[in-house]
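# The following block contains a protein sequence and its predicted model.
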There are 8 protein chains.
Amino acid sequence: MELTVYLAGQIHDNWREEIKDNAKSKGLPLHFVGPMENHERSDNIGEEIMGEQPNKVFKDEAASQINNLRTEVLLHKSDVVVALFGDKYKQWNSAMDAATAVALNKPLILVRPESLHHPLKELANKAQVVVETPEQALQALSYIFETN
Amino acid sequence: MELTVYLAGQIHDNWREEIKDNAKSKGLPLHFVGPMENHERSDNIGEEIMGEQPNKVFKDEAASQINNLRTEVLLHKSDVVVALFGDKYKQWNSAMDAATAVALNKPLILVRPESLHHPLKELANKAQVVVETPEQALQALSYIFETN
Amino acid sequence: MELTVYLAGQIHDNWREEIKDNAKSKGLPLHFVGPMENHERSDNIGEEIMGEQPNKVFKDEAASQINNLRTEVLLHKSDVVVALFGDKYKQWNSAMDAATAVALNKPLILVRPESLHHPLKELANKAQVVVETPEQALQALSYIFETN
Amino acid sequence: MELTVYLAGQIHDNWREEIKDNAKSKGLPLHFVGPMENHERSDNIGEEIMGEQPNKVFKDEAASQINNLRTEVLLHKSDVVVALFGDKYKQWNSAMDAATAVALNKPLILVRPESLHHPLKELANKAQVVVETPEQALQALSYIFETN
Amino acid sequence: MELTVYLAGQIHDNWREEIKDNAKSKGLPLHFVGPMENHERSDNIGEEIMGEQPNKVFKDEAASQINNLRTEVLLHKSDVVVALFGDKYKQWNSAMDAATAVALNKPLILVRPESLHHPLKELANKAQVVVETPEQALQALSYIFETN
Amino acid sequence: MELTVYLAGQIHDNWREEIKDNAKSKGLPLHFVGPMENHERSDNIGEEIMGEQPNKVFKDEAASQINNLRTEVLLHKSDVVVALFGDKYKQWNSAMDAATAVALNKPLILVRPESLHHPLKELANKAQVVVETPEQALQALSYIFETN
Amino acid sequence: MELTVYLAGQIHDNWREEIKDNAKSKGLPLHFVGPMENHERSDNIGEEIMGEQPNKVFKDEAASQINNLRTEVLLHKSDVVVALFGDKYKQWNSAMDAATAVALNKPLILVRPESLHHPLKELANKAQVVVETPEQALQALSYIFETN
Amino acid sequence: MELTVYLAGQIHDNWREEIKDNAKSKGLPLHFVGPMENHERSDNIGEEIMGEQPNKVFKDEAASQINNLRTEVLLHKSDVVVALFGDKYKQWNSAMDAATAVALNKPLILVRPESLHHPLKELANKAQVVVETPEQALQALSYIFETN
């Protein structure tokens, strides 16, 4: 039994690689998916496919169509969603993906520093598991496969 | 036919009152619901009901249980959700409520200043309607009832 | 027990009025809803609410947001959907509303002249009832309420 | 991870072959399905299986049973639906398949020339992605699999 | 709180009237619906609305469209379904309505003489309650409203 | 807006009356439903309706049919479920009703003395709100209706 | 792409073998499942597993538990359901399985002699395809896999 | 066709091993999953991952997050659920898992000594199969795969 895990959250550092390497070294049967991590490409993908748009709002609208296509397909293929929040960036996409996971009955593992407990308290309450580091999220995933 | 509308978003100014007054003066059959708007009470409701908690994280956890109970019940009773975003505050609850509405097949009207188009582009793409002011959101709601 | 009926189809003649008058004269407990029947207003509603758009495509995109909001809310409130097809116009919205009704498990009554049986054969197969006139559609609705 | 893609739309030229060849040459893990592309066989399949019918309407009814069986099974097996619209033909089946995909929560990629933006504006608004060529649809599908 | 109850089963004697009278005399807040009980009208309703059909099979096909429209609308409005089986008639419609109720998560009360226990054993196993007389079915419905 | 609340739990003391009286005195628009509270009648209802059974197991099987009919109908009508656990009795029905509520997306308020926190920890984790007294459960329900 | 097909209907002759052999000789990727075809074993399976029962009704109740377990598991695994009706036997299980398939959105192929068109007209109307022989049902299944 | 079976129930003796060995010796294509059977580890898993908690209640809350993550993921992957009840322990988790299975439309096999028939009568009524030993549960599972 393999599980597919969607990794939602910011795309500005390599937190996803750490989780993937960690899972690999533990030999866990996990398949990871997630958003496009190349930020520039993610912003330009609309114009790359549909051509130049009249202004910035419409450029964004074009890009969001393609980014949401990706997320929607991959989220539906997932068994569990991990959502990471940090101090920087607005992270509304992370909140959106996390809430969508909950509404689709996909268990959510929320990763956030304790300093953010207050603004994330309602989302934390909806998550199945709340931890502070990606390492802990992987421990929780690992527990699913353990036998005594 | 009356419609129930959930008004998601920050609770620091009276934008909800404007919409409600506006709807009333137009005679629209709209019933509005939303989160607890008294911020202090919203933060303290957990300890008010469950007693003092060991620390701030657990105080927040208690409050979020009750706040989410309210949101969940009212969101399920709603026909449409309006979510307002502005320049201030993290607004992760707003993003969470908006995404939950979409996943529950409740049409979402997103209200945000054009200056926020970039960080909200994926959520905008999921919304049924995207406007810049609560006034415009009400015009869209009004259109549902119009006959020639 | 009152039933809500969505009347999908072209908005260029008064076929809806005939059904409504007919239902009234028979004293049937039917509540009718449907799309905006003022064609010009339906095309302009986007710019009316959101302001002028950069070009025709974006004007249409704005209008469709509001028109779909209306349809989505009203379709979810309906118990039965009647979709009328005729010789004129592309009527892709009618096909879209009809198929959405079927997918939402709302029984569909398809009204079309026999001359259109071929291009509509797959949609006819998905409909619960297929007739040729709005009068017949109303007879079928009336049958739901009859007792011996 | 392989994705199954349903290609809805007219069956009068070889646009499906172009997409399939293109996907093959890019090495994408896509499996394509769709309607019977032999038009004559699609029209006759009812009588071929059920024998001669009393008249044209019933011949069509028989054929549509079998064509819808095929579409329903294949659409349920799909992860994404691509629907192509052009200047010719009524294309009500395309509209029906596209709307069914949306109602089943299958992401829809709408392909249509800009000249058709007006009559398709409401369907476009429901689609996850709107482009003008099959080539662009494939680019969007390809983006789902890309890693930085 | 009023409950709507669909009464499925043969239409050849007045068992439905007994239940209705009984409920009335007990003052229970039950609203009863069901199939057209005038057998001849039920068989002819297709031709009555759609005109003469080419042969008996197509006459039946036309009638079944309208009868199923009625059943589908009323079954969706129901909170509980009562299905009565007896020694006579094929009663495939009764079995179909009963199984549809179960699949729609509507609790099913099966009424059948003990002599039929063998051929109905699998349906009995799916029913929420199995009794032998309409009187007993009403007792079960009455129990829902009782307080100590 | 009135809410219907199912009160799950033991039927050996009058905790439900306290909640109802309390709600009444606060003027809250709550409608309460629940299981048959007359224990003896609940055990005998099967034989009362279906006649004497061959042994105790079958007597219980008959009773459970009718008790589950009641619970199923009332649970589907509810907006919120309150489940109370105490030191006495097996309370497997309470656990069953509570878990059913969660699976049906009805928010669950779990009421239990702190002494039971260990054996109920997994159910507590699934509940929307966890409190120690019926009084607190009502405070949480009251909060749904409060406006600043 | 392999499809799983549930074959519902009487178990008194070898019609299932004909379909399976036919599919094999055509090389179709179909996997067939269905009820226990050994009638005696199907009737005794309850007592075989649970031991002797107090009387025939309870023997039947025990058997139906196990038979329905089998049907439920296999029906959920199926992509299409074929239901065969003939002149003999009550066939209420066939009607039940057919209606369950429809309610679960599994396409249904109904096989019945034309002589039975009248009592099966409502079920026929719910089926996706109606034919007279198992051979024809297989032709319809074969069509799903054909390419031009 | 392989089936995944979730084994719910107490973790204090080796009943799961017996079933697994038995299935293996019969060569049945069954894949078994279930809760963490190491009781101590199950109680400590929260603190193991999240660190020390302020008190016992919060230690339990942390553990239940991780245990429910495991159950939720594995239950969704299952085709059938077996729930065993015995004389000892509160077994509220067993009741919770069993009821969740029923609400998710997963067939439930309930295993319990006849001495417990009374307190489990409502859960027994919701189960698809009720037996007294794990051996019998396996016989029922075996029957799904048998051909004449």
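Nice, I can see it. Numbers count the residues shown, from 1 in each chain, chains lettered A, B, ... in the order given.

# quick one, what contacts residue A:145?
A:1, A:28-29 (Cβ atoms under 8 Å, 6 or more residues apart in numbering or on different chains). The way it works is simple: take the backbone N, C-alpha and C, and place the C-beta from them, glycine included.

# quick one, longest strand in chain A?
Taking DSSP state E as the criterion, chain A has its longest strand at strand A:3-9.

# Can you name every helix or strand that the helix or strand following it contacts?
Later in the chain than strand A:3-9, the nearest helix or strand by DSSP states H and E is helix A:15-26. In terms of contacts (3 or more Cβ pairs under 8 Å, 6 or more residues apart in numbering or on different chains; DSSP states H and E), helix A:15-26 is packed against strand A:3-9, strand A:30-33, helix A:134-145.

# Of those, give the one that comes closest to residue C:12.
strand A:3-9 (46.9 Å; Cβ to Cβ).

# could you say what helices and strands the closest one packs with?
Going by 3+ Cβ pairs under 8 Å, 6+ apart, strand A:3-9 lies up against helix A:15-26, strand A:30-33, helix A:56-77, strand A:80-84, helix A:92-103, helix A:134-145.

# Mind putting those into TSV with mean pLDDT?
TSV is the format used below for these (pLDDT from 0 to 100):
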stretch	mean pLDDT
helix A:15-26	95
strand A:30-33	97
helix A:56-77	95
strand A:80-84	98
helix A:92-103	95
helix A:134-145	97
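
# check contacts around residue A:86.
A:9-10, A:112-113, A:116 are the contacts of residue A:86 under Cβ under 8 Å, 6+ apart.

# out of these, which are buried?
With burial judged by 16 or more other Cβ atoms under 10 Å in any protein chain shown, the buried subset of those is A:9-10, A:112, A:116.

# Phi, psi for the most far-flung residue of chain A relative to its centre please.
For chain A, the largest distance from the centre (Cα atoms, centre = their mean) belongs to residue A:54, which lies 30.7 Å off. Torsion angles at residue A:54 (phi, psi; degrees, to the nearest 10) stand at phi -60, psi -30.

# Quick check: the gap between it and residue D:85.
According to Cβ to Cβ, to the nearest Å, residue A:54 stands 23 Å off from residue D:85.

# Spatially nearest residue to residue A:117 (excluding sequence neighbours)?
Computed as Cβ to Cβ, 6 or more residues apart in numbering or on different chains, the closest residue to residue A:117 that is not its neighbour in sequence is residue B:57, at 4.8 Å.

# these two touch, right, residue A:125 and residue B:69?
No. Counting by Cβ atoms under 8 Å, residue A:125 sits too far from residue B:69 to count as a contact (9.6 Å).

# neighbours around residue A:67, how many?
22 (other Cβ atoms under 10 Å in any protein chain shown).

# just the buried members of the contacts of residue A:145?
For these, a burial check counting by 16+ other Cβ under 10 Å picks out residue A:28.

# So which of the helices and strands packed on helix A:15-26 is nearest residue H:33?
helix A:134-145 (9.1 Å).

# That closest one versus helix A:15-26: what angle between them?
40 degrees (axes from the mean of the first three to the mean of the last three Cα atoms, to 10 degrees).

# Same question for helix A:134-145: list its buried residues.
Going by neighbour count (16+ other Cβ under 10 Å), the buried part of helix A:134-145 is A:134, A:136-145.

# Next, the angle strand A:3-9 makes with it.
Using the same axes, to 10 degrees: helix A:134-145 against strand A:3-9 is 160 degrees.

# Keeping just the C-alphas, turn helix A:134-145 into PDB.
Below are the C-alpha coordinates for helix A:134-145, written out as PDB (Å, rounded to 0.1, in the frame of the first residue of the first chain):
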ATOM      1  CA  PRO A 134       8.300  18.800   8.600                       C
ATOM      2  CA  GLU A 135      10.300  16.100  10.400                       C
ATOM      3  CA  GLN A 136       7.400  15.600  12.800                       C
ATOM      4  CA  ALA A 137       4.900  15.400  10.000                       C
ATOM      5  CA  LEU A 138       6.900  12.600   8.500                       C
ATOM      6  CA  GLN A 139       7.000  10.800  11.800                       C
ATOM      7  CA  ALA A 140       3.200  10.900  11.800                       C
ATOM      8  CA  LEU A 141       3.000   9.500   8.300                       C
ATOM      9  CA  SER A 142       5.500   6.800   9.200                       C
ATOM     10  CA  TYR A 143       3.300   5.700  12.100                       C
ATOM     11  CA  ILE A 144       0.500   4.800   9.600                       C
ATOM     12  CA  PHE A 145       2.700   1.900   8.300                       C
END
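
# So what's the gap between it and the chain middle?
Centre-to-centre, helix A:134-145 and its host chain are 15 Å apart (Cα atoms, centre = their mean, to the nearest Å).

# Stretch A:101-115 too?
With Cα atoms, centre = their mean, you get 9 Å for stretch A:101-115.

# Let me know the closest of the contacts of residue A:145 to residue F:65.
Nearest to residue F:65 among these: residue A:1, at 37.0 Å, using Cβ to Cβ.

# Tell me the spacing between the residue nearest to residue A:117 and chain E.
Here the criterion is Cβ to the nearest Cβ, to the nearest Å. By it, residue B:57 lies 39 Å from chain E.

# and that residue, how many neighbours?
Around residue B:57 there are 17 residues (other Cβ under 10 Å).

# I'd guessed it sits against residue A:116; true?
No. With contact defined as Cβ under 8 Å, residue B:57 does not count as touching residue A:116 (10.6 Å).

# which residues does the residue in chain A positioned nearest to chain B contact?
Residue nearest to chain B within chain A: residue A:103 (3.2 Å; Cβ to the nearest Cβ). Taking Cβ under 8 Å, 6+ apart, we find residue A:103 in contact with B:99-100, B:103-104.

# So the nearest residue to residue A:120 once chain neighbours are set aside versus residue A:134, what's the distance?
Nearest in space to residue A:120, with sequence neighbours left out and distances taken as Cβ to Cβ, 6+ apart, is residue A:112 at 5.5 Å. According to Cβ to Cβ, residue A:112 stands 11 Å off from residue A:134.

# what does residue A:113 give?
Relative to residue A:134, residue A:113 is positioned 12 Å away (Cβ to Cβ).

# How about residue A:140?
On the measure of Cβ to Cβ, residue A:140 and residue A:134 end up 11 Å apart.

# Over to residue A:15?
Taken as Cβ to Cβ, the span from residue A:15 to residue A:134 is 5 Å.

# any common contacting residues for these two?
What both residue A:15 and residue A:134 touch, as defined by Cβ under 8 Å, 6+ apart, is the set residue A:84.

# Lowest-confidence member of the contacts of residue A:86, which is it?
Lowest pLDDT of the contacts of residue A:86: residue A:10, 92.

# Contacts only, for residue A:99.
So residue A:99 contacts A:123, A:126, B:95-100, B:103 (Cβ under 8 Å, 6+ apart).

# Top of these by number of neighbours, please.
residue B:98 (31 neighbours).

# Burial check on the residue lying closest to that one once chain neighbours are set aside, number of neighbours?
Once flanking residues are discounted, residue B:98 sits nearest to residue B:83: 4.0 Å by Cβ to Cβ, 6+ apart. The tally of other residues near residue B:83 (other Cβ under 10 Å) stands at 27.

# ok, residue B:83 - contacts?
By Cβ under 8 Å, 6+ apart, the residues touching residue B:83 are B:8-9, B:94-95, B:97-98, B:101, B:108-111, B:127.

# do that again at 6 Å, thanks
Contact analysis of residue B:83 by Cβ atoms under 6 Å, 6 or more residues apart in numbering or on different chains lists B:8-9, B:94, B:98, B:110.

# got it, and residue A:11?
A:37, A:39.

# Now do the contacts for residue A:17.
If you count contacts by Cβ under 6 Å, 6+ apart, residue A:17 has none.

# And it, how far from chain G?
From residue A:17 over to chain G (counting by Cβ to the nearest Cβ), the distance is 35 Å.
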